[in-house]
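1. sequence and computational prediction follow.
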Amino acid sequence: MNLGLWLDNLLAYSLQIAALAAAGTVLPLVLKLRHPGILLHYWHILFAACLLLPVIQPWRSLPVETLDIGTIQIQTTFAGATDDPGNLSLPNILVAVFVLGTLARLSWLAMGFYRLRVYVQKAHPLRPLPEPVVEMCRLVGVNPPIYFSCEIASPVACGFWKPSILVPDSFREVPRDFQKAISCHELWHVRRNDWLFSVLEEVSVAVLWFHPAMWWLTSRIQLSREQVIDQLVLKTTGERKPYLDALLQMALARGRTELTFAPLFLAKHHLTQRVALILTEVHMSRTRIALSLTALLVLLSLSGKLATRMFPLESPPSSARQREASLQPKRPTPANPAAPSLAIPPEELSLIHQTRPSYPVEAKIQRVQGEVLLAVNVNENGEVDNIQVLKGPALLVLPALDAVKQWRYAPYLKNGVAVPVSSTITVNFVLAGNNVAGEQIQGVSVVRTDEKVTLRTPPLAYRVEPVYPLEAKQKGIEGEVRLGLKVDEQGDVTDVQVLGGNAMLVPAAYEAVRQWKYAPVFSDGVPIRVNVSVAIRFELLQPAKSKDGLTPGSATNPSEHR
């Protein structure tokens, strides 16, 4: 699984939900739609649209890995799979938080199921049924079992196949009008199968637990559902005052909050809005309802389309595009002794995010162009976690490194499991309308190993020691950086070509070598330009105690060695 792409799509999906929910919340206010039945259907449609956005929208295909970005041409070839090391990265942490949050929310729901089951097992049947309850069963048209329990403080309707109603122990002592109002309310929940819808809503929110818009939409659905039930109770009983008194009495009653998600008789955060609607007559003609609902759906569709365009979901390249890419001519892959034996065709690994290298101003001024060849390791998340410089002009190596280390690939799957792979990337810097010809020059070499330097002509007149990068030390990275230098007639280093080395070690070697100065080289009494090959080895010295108990230093004076 490509965690990077998955997280990017999750972020885009979250932004789509936020935009759609915001537009969907404003539209009923603008159109002054207050009918609870219409609003309940509307909130259900909006909630379902948010859940189905990934299914009903087109996904944007990502480009394949061979790209042309103007004056810098980038081609990639892949060598093969490597071992699968453990990796604790930010994407892994975010996915873990998402999964743990979902499991925690689902566990909370499971506890709610269990608590309800315990309530029912401990409850006692309400027998004989009070006469107001019998009357309401007849008027509503359902006759579920009714239990009273001392474990709850508010009436609860639960169950789908075998629905039942739980009422507080105090239900038997409340006035008849209260019994009628409370029982009628719960019977209508049973009649409408509101338990099933509540379960589906809570499971959906459990998956998208991190998104406040989903919590908001669920709250709007619950409020509209209770307002619909309120209207049905008033229509069934024809008594408004006893029902309001029952609501207010439940609000004043003391008791703990039940650990359930079943529709409760009273949700205190909805009390004010429910009472306001009960006291207000809402009349809307059928024509106005039809026009308002049509306008809502049209505007909601446009909002969803705009949201998906602003924050598109991305998919890996289609097989057709991969086949097209495979038909393009491929550059031969340089030999890489460290690469694994398993060969991977380039079209099987896709570049999904690319940062373009910038052409250095200094390189443009000096008319430096050419190829930078990099060997990279791509981990199981598609991230570039290690880069080895194979060759390239030093002025161009650094911007190529800065860009490539930010690239992201779709992970390579082996037997259904994402595994790391090795790849070779060629970044070709080309100056428009320019073709720099090479020159033949004599070759002499300077070889520097870890703690000693062996000099051959020309001799070094001035040298700056490379500084071992702290990050490379901390990660235990060792290795050799090979450089090709151009030295002018005065002995100054005029150009540095990186011939190989680890990306974390190359900048330190480059910064040191570019400051070196050599004694001029003469041919027939005339100073000439020469090439110098330099190999700088970075090695972590293991501390060892001498016979006198002292630990030798990590550097020696180069002048002591020939």
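-> Structure received.

2. got the CA positions of stretch 406-418 in PDB?
-> Presented in PDB, the C-alpha positions along stretch 406-418 are these (Å, rounded to 0.1, in the frame of the first residue of the first chain):
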ATOM      1  CA  GLN A 406      11.700  15.000  -2.200                       C
ATOM      2  CA  TRP A 407      10.400  12.600  -4.900                       C
ATOM      3  CA  ARG A 408       7.800  10.000  -4.100                       C
ATOM      4  CA  TYR A 409       6.900   6.900  -5.900                       C
ATOM      5  CA  ALA A 410       4.000   4.400  -5.900                       C
ATOM      6  CA  PRO A 411       5.400   1.500  -3.900                       C
ATOM      7  CA  TYR A 412       6.600  -1.700  -5.600                       C
ATOM      8  CA  LEU A 413       4.500  -4.700  -4.600                       C
ATOM      9  CA  LYS A 414       6.100  -8.100  -4.400                       C
ATOM     10  CA  ASN A 415       3.600 -10.900  -3.700                       C
ATOM     11  CA  GLY A 416       1.100  -8.300  -2.500                       C
ATOM     12  CA  VAL A 417       3.600  -6.700  -0.100                       C
ATOM     13  CA  ALA A 418       5.300  -3.300  -0.600                       C
END
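
3. please parse the chain into its domains.
-> Listed by automatic domain parsing, the domain ranges of the chain are 67-86+318-429, 99-290, 442-560.

4. can I get these in CSV with mean pLDDT and distance to V30?
-> Bear in mind the C-beta positions are built from the backbone N, C-alpha and C, glycine included. Formatted as CSV, the domains of the chain follow (pLDDT from 0 to 100; distance: least, C-beta to C-beta, whole Å):
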stretch, mean pLDDT, distance to V30
domain 67-86+318-429, 65, 39
domain 99-290, 83, 14
domain 442-560, 70, 56
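
5. nearest to T25 among these would be which one?
-> domain 99-290 (7.4 Å; C-beta to C-beta).

6. what's the end-to-end length of the closest one?
-> Start and end residues of domain 99-290 are separated by 42 Å (C-alpha to C-alpha, to the nearest Å).

7. now it: how far from the chain's centre is it?
-> 38 Å (C-alpha atoms, centre = their mean, to the nearest Å).

8. hey, where'd the helices end up in the stretch 451-562 of the chain?
-> 470-474, 506-513 (DSSP state H, counting those that start in this stretch).

9. for the first one, buried residues please.
-> Looking back up the chat, that one is helix 470-474. A472 (16 or more other C-beta atoms under 10 Å).

10. look up how far L244 lies from the closest residue to E480 other than its chain neighbours.
-> Once flanking residues are discounted, E480 sits nearest to R537: 4.5 Å by C-beta to C-beta, 6 or more residues apart in numbering. Using C-beta to C-beta, to the nearest Å, R537 is found at 87 Å from L244.

11. P155 now?
-> P155 sits 16 Å away from L244, going by C-beta to C-beta.

12. which of the two has more neighbours?
-> A direct count of neighbours by other C-beta atoms under 10 Å for P155 and L244 places P155 higher, at 24 against 17.

13. assess the claim that that one and S164 are in contact.
-> No - using C-beta atoms under 8 Å, P155 is not in contact with S164, being 11.4 Å away.

14. all strands for the stretch 151-300 of the chain, in order.
-> Ranges of strands in the stretch 151-300 of the chain, per DSSP state E, counting those that start in this stretch, are 156-158, 164-168.

15. nearest to V532, of the ones you listed?
-> Comparing the strands of the stretch 151-300 of the chain by C-beta to C-beta, strand 156-158 comes nearest, at 83.9 Å.

16. now that closest one: buried residues?
-> V156, A157, C158.

17. same check on stretch 191-203?
-> Here stretch 191-203 shows R191, R192, D194, W195, F197, S198, V199, E201, E202 as buried, counting by 16+ other C-beta under 10 Å.

18. against L109, how distant is the fourth one?
-> What it means is W195. The gap separating W195 from L109 is 13 Å, by C-beta to C-beta.

19. so which residues of the stretch 351-500 of the chain form strands?
-> 351-353, 370-378, 384-393, 408-409, 412-414, 417-419, 421-429, 442-449, 452-455, 460-462, 479-487, 493-502.

20. if we can go back for a sec, ok, which of the domains of the chain comes nearest V26?
-> domain 99-290 (12.4 Å).

21. dump the helices of the stretch 451-562 of the chain into TSV; add distance to Q231 as well.
-> Output for those, formatted as TSV (distance: least, C-beta to C-beta, whole Å):
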stretch	distance to Q231
helix 470-474	67
helix 506-513	73
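
22. of those, which approaches E480 most closely?
-> For the helices of the stretch 451-562 of the chain, proximity to E480 was assessed by C-beta to C-beta; helix 506-513 is nearest, at 9.3 Å.

23. can you list contacts of that closest one?
-> 389, 394, 397-398, 401, 463-469, 472, 481, 483, 485, 493, 496, 498, 501, 534, 536, 538 (C-beta atoms under 8 Å, 6 or more residues apart in numbering).

24. excluding sequence neighbours, find me the nearest residue to A213.
-> A21 (3.8 Å).

25. would you mark the buried spots in the longest helix along the chain?
-> In the chain, assigned by DSSP state H, the helix with the most residues is helix 90-122. Within helix 90-122, the residues scored as buried using 16+ other C-beta under 10 Å are P91, V95, F98, R105, L109, G112, R115, L116, Y119, V120.

26. ok, these vs Q249, which is closest?
-> Among the buried residues of helix 90-122, and counting by C-beta to C-beta, the member closest to Q249 is Y119, at 21.4 Å.

27. isn't the closest one right up against L166?
-> Yes - using C-beta under 8 Å, Y119 makes contact with L166 at a distance of 5.8 Å.

28. who touches both of those two?
-> What both Y119 and L166 touch, as defined by C-beta under 8 Å, 6+ apart, is the set S149, I152, V156.

29. who's in contact with the residue lying closest to R463 once chain neighbours are set aside?
-> In this structure, R463 finds its nearest non-sequential neighbour in W516, 5.3 Å apart by C-beta to C-beta, 6+ apart. W516 makes contact with L460, Y462, R463, V464, L485, V493 under the criterion C-beta under 8 Å, 6+ apart.

30. state the number of residues packed around the last one.
-> So the one you mean is V493. Around V493 there are 18 residues (other C-beta under 10 Å).

31. swap in the third one?
-> Applying other C-beta under 10 Å, we find 17 other residues in the vicinity of R463.

32. list the contacts for R408?
-> Per C-beta under 8 Å, 6+ apart, neighbours of R408: G4, L5, L351, I352, H353, G382, E383, V384.

33. cutoff 7 Å now
-> Residues near R408 by C-beta atoms under 7 Å, 6 or more residues apart in numbering: G4, I352, H353, G382, E383.

34. who wins on neighbours among these?
-> G382 (26 neighbours).

35. partner residues bridging the nearest residue to that one once chain neighbours are set aside?
-> Excluding the flanking residues, the one nearest G382 by C-beta to C-beta, 6+ apart is Y409, at 4.2 Å. Per DSSP bridges, the residues bridged to Y409 are L351.

36. Y409 against I352, yeah?
-> Yes - if you go by C-beta atoms under 7 Å, Y409 and I352 touch, sitting 6.3 Å apart.

37. identify the contacts common to these two.
-> Common contacts of Y409 and I352, defined by C-beta under 7 Å, 6+ apart, comprise G382.

38. give me the pLDDT for the residue lying closest to P91 once chain neighbours are set aside.
-> Distances taken as C-beta to C-beta, 6+ apart put L3 closest to P91, at 4.0 Å, once the chain neighbours are dropped. pLDDT for L3: 70.

39. contacts only, for L3.
-> P91, N92, V95, N381 are the contacts of L3 under C-beta under 7 Å, 6+ apart.

40. mind running it again at 8 Å?
-> Going by C-beta under 8 Å, 6+ apart, L3 touches S89, P91, N92, V95, N381, G382, P411.

41. hang on, isn't the last one packed against V417?
-> Pointing back at P411 there. No - look at P411 against V417 with C-beta under 8 Å: they stay out of range, at 9.3 Å.
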